[in-house]
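In: Pasting the sequence and the predicted model now:
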Amino acid sequence: MAIAILMPGRSCSELLDALRVHSAVPVLDASQPLTESERAAVRLAVVWYPPTGFEADFPNLQAVMSYGAGAEFLTQGQPLPSDLILGRLVDPHLRQQMARYLLSIVLSEQGRLTQYRQLQSQSTWQPLEPLIGQQIGFLGRGVLAHYAGEQCAALGYSVAYWQRQANPDHSDSCDGEKGLQTLLSQSDVIICLLPLTDSTRGLINAARLSHCKSTAMLINVGRGGLVNYSDLIRALDQGQIGQVWLDVTDPEPLPSDSPLWQHEQLRITPHIASKTDPVSAATTIVENYRSLQTGSGLLNPVNRLTGY
Ligand code: GLV
């Protein structure tokens, strides 16, 4: 029995070390050539954007787990065999990083720290009114959104969530197109933390943006494919929305000739809002492996129908 790690273009040495400290389970770097018996031993593959057809190398594979919160690469494109259990990483480090990233933006923009820096350079003592109000609307009500929402609420923000499908367990969320329009029209900060699926691709488009407050700040930390970029630029240029932060783009990396780079009201960070920490992830991966061994599947399974 073994775990294989497969993350092309991303170093996995720290994760391999951390997993080896944690567990007696053999851990294999599947980007290196493996023997037939090593490949036959693999039961769990931990992957990040793996090549199509990778699963064929592991005849006894039972489960595939994303090395991140997003798992769209497991459910989109060529389908993985239906008997494979799919899962994603739900890890305390991921949600803390995300909450810190989001709060750092909300607090510094609301506190107008950039403008105070400019005023300081002019030796000017001038208190400014906050430009952004207190209402934060999350698109998505998954683990990351809910945790970040709780941290915002603890600082006194009013927090609301929108999810595509109604969920009786989430009384704090609205749903459906009408619910989305209401949330967009009421939010001072709109935080997009939706998974990328066939139903959410291009969700942030001209029609939706037309409901936003002209002063609203939109932060996309979900996936780049959630946004229609020409609609977004038009909405900014026409004053339908105040400013935008993008941590994710489509494609990534964002090409140097993209007009997004130079837009005055747009800020870009290179997909760093919440990066998997190998040491923290190793604990979660081992827990998942043990759960698999006892026949209980993965701890955070991905539903092939909904895509998350
Ligand atoms: C990062 O984008 C992740 O999915 O964890």
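Out: Looks like it came in fine. Only a predicted model underlies this, so the values are computations on that prediction, with no experimental measurement involved.
In: for the residue nearest to residue 253 when sequence neighbours are not counted, phi and psi?
Out: Nearest non-adjacent residue to residue 253, counting by Cβ to Cβ, 6 or more residues apart in numbering: residue 270, 6.7 Å away. Any C-beta I mention is one placed from the backbone N, CA and C, and that applies to glycine too. With angles defined as degrees, to the nearest 10, residue 270 sits at phi -90, psi 70.
In: give me the number of residues near residue 270?
Out: Per other Cβ atoms under 10 Å, the neighbour tally for residue 270 reads 12.
In: which ones are touching it?
Out: 247, 252-254 (Cβ atoms under 8 Å, 6 or more residues apart in numbering).
In: how far away is the one residue sitting closest to the centre of the chain from the ligand?
Out: Per Cα atoms, centre = their mean, the C-alpha nearest to the average position across the chain is that of residue 222, at 4.1 Å. Look at residue 222 and the ligand: by Cβ to the nearest ligand atom, to the nearest Å, they are 9 Å apart.
In: Name all residues that make contact with that residue.
Out: Residue 222 touches 70, 139-140, 192-196, 200, 248, counting by Cβ under 8 Å, 6+ apart.
In: do residue 26 as well
Out: Residue 26 sits in contact with 1-3, 38, 41, where contact means Cβ under 8 Å, 6+ apart.
In: still on that earlier bit, most neighbours out of the contacts of residue 270, which is it?
Out: residue 247 leads these on contacts (other Cβ under 10 Å) with 22 neighbours.
In: ok, it touching residue 266?
Out: No: judged on Cβ atoms under 8 Å, residue 247 makes no contact with residue 266 at a distance of 11.9 Å.
In: hmm, who's touching stretch 292-301?
Out: 1, 43-44, 62-63, 65, 85-90, 284, 287-288, 291.
In: Out of those residues, which is nearest to the ligand?
Out: The closest of the contacts of stretch 292-301 to the ligand turns out to be residue 89 (Cβ to the nearest ligand atom; 6.6 Å).
In: how near is that closest one to residue 285?
Out: 8 Å (Cβ to Cβ, to the nearest Å).
In: show me the contacts for the closest residue to the ligand within the chain.
Out: Here the chain gets closest to the ligand at one residue, residue 68, 2.6 Å apart by Cβ to the nearest ligand atom. Contact partners of residue 68, counting by Cβ under 8 Å, 6+ apart, are 48, 88-89, 94, 276.
In: Next, residue 21: phi, psi?
Out: Dihedral angles for residue 21 - degrees, to the nearest 10 - are phi -70, psi -40.
In: Please work out how many residues are found near the closest residue to it other than its chain neighbours.
Out: Excluding the flanking residues, the one nearest residue 21 by Cβ to Cβ, 6+ apart is residue 282, at 7.4 Å. Counted with other Cβ under 10 Å, the neighbours of residue 282 add up to 23.
In: Could you say which helix or strand holds residue 282?
Out: Using DSSP states H and E, residue 282 falls within helix 278-293.
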